[in-house]
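> Dropping the sequence and predicted coords here.
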Amino acid sequence: MNFNDLTTDEKENLHNELLNNAQSIGGKNFFLGMIEDIKLSKPNPLLNKTGIYHYGGGRIIWEKSIYKDTLTLLFDSLRKFEQDGSLVKGLNPRKHKTTTNMMKTLKPINIRVAPKNQKIGDGFSFPIFDKIDGENSTVSMMFKIIFFYNIDFAKKILSFKKA
């Protein structure tokens, strides 16, 4: 996704949401530091079987284990979504079924980000999928920003100023 392709309202809404989330864990630098830790971590933190990932300024918690093949399929589906706007449109029946099953598996998972120091803030949470509706299914923007997009995308959103 290209930040410049978004409307001014979309940019402003994303900026406000990201800023509020960043403030809830200590500020912009803590938020960007969290994303950098996630990007540098190998294997992907979401593959941690305990459902907890500790980063420099806090921890990320989710309710259920996510397996490598499920996460790989999600990232492949996100790449497809970025190209043609749909997670499942145009897939052969077998891939359509596996992608649909992956979405159903991940739909109930909420990810919670909490700072080390509770005095800083309460943290924030978000689902992996905003909605699952056949060909109009969407992955949460917060999930994409933290786990999928390049860190520069988050920097552009946080530095956005309405003209």
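Thanks, I have the structure now. Residues are numbered from 1 along each chain as shown.

> For Phe124, which residues count as its bridge partners?
Counting by DSSP bridges, Phe124 forms beta bridges with Val113.

> Can you give me every residue that contacts it?
Contacts of Phe124 were listed using CB atoms under 8 Å, 6 or more residues apart in numbering, and they are 20-21, 24-25, 112-113, 142. C-betas here are computed from N, CA, C, even on glycine.

> And the furthest pair within those residues?
Checking those against each other with CB to CB, the farthest-apart pair comes out as Asn20 and Arg112, at 15.1 Å.

> quick revisit: need the contacts of Phe124 in JSON lines with neighbour count, pLDDT and distance to Phe124, can you?
Putting these into JSON lines (neighbours: other CB atoms under 10 Å; pLDDT from 0 to 100; distance: CB to CB, whole Å) gives the following:
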{"residue": "Asn20", "neighbour count": "11", "pLDDT": "94", "distance to Phe124": "8"}
{"residue": "Asn21", "neighbour count": "19", "pLDDT": "94", "distance to Phe124": "4"}
{"residue": "Ser24", "neighbour count": "19", "pLDDT": "94", "distance to Phe124": "5"}
{"residue": "Ile25", "neighbour count": "24", "pLDDT": "93", "distance to Phe124": "7"}
{"residue": "Arg112", "neighbour count": "15", "pLDDT": "96", "distance to Phe124": "8"}
{"residue": "Val113", "neighbour count": "24", "pLDDT": "95", "distance to Phe124": "6"}
{"residue": "Met142", "neighbour count": "20", "pLDDT": "94", "distance to Phe124": "8"}
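
> just those residues now: which is nearest Asp5?
Of all those, Met142 has the smallest distance to Asp5: 18.8 Å, by CB to CB.

> The closest one contacts Phe126, doesn't it?
Yes - assessed by CB atoms under 8 Å, Met142 is found in contact with Phe126 at 4.0 Å.

> Just the helices from this structure, written as ranges.
Ranges of helices within the chain are 8-23, 28-40, 68-84, 93-106, 141-143, 151-158, based on DSSP state H.

> Quickly compare the ones you listed and say which is most buried.
Compared across the helices of the chain, helix 141-143 shows the largest average neighbour count, a mean of 20 (mean count of other CB atoms under 10 Å).

> so what does it touch, helix or strand wise?
Taking 3 or more CB pairs under 8 Å, 6 or more residues apart in numbering; DSSP states H and E as contact, the helices and strands that helix 141-143 lies on are helix 8-23, strand 124-127.

> Since that was my last question, I'll sign off now.
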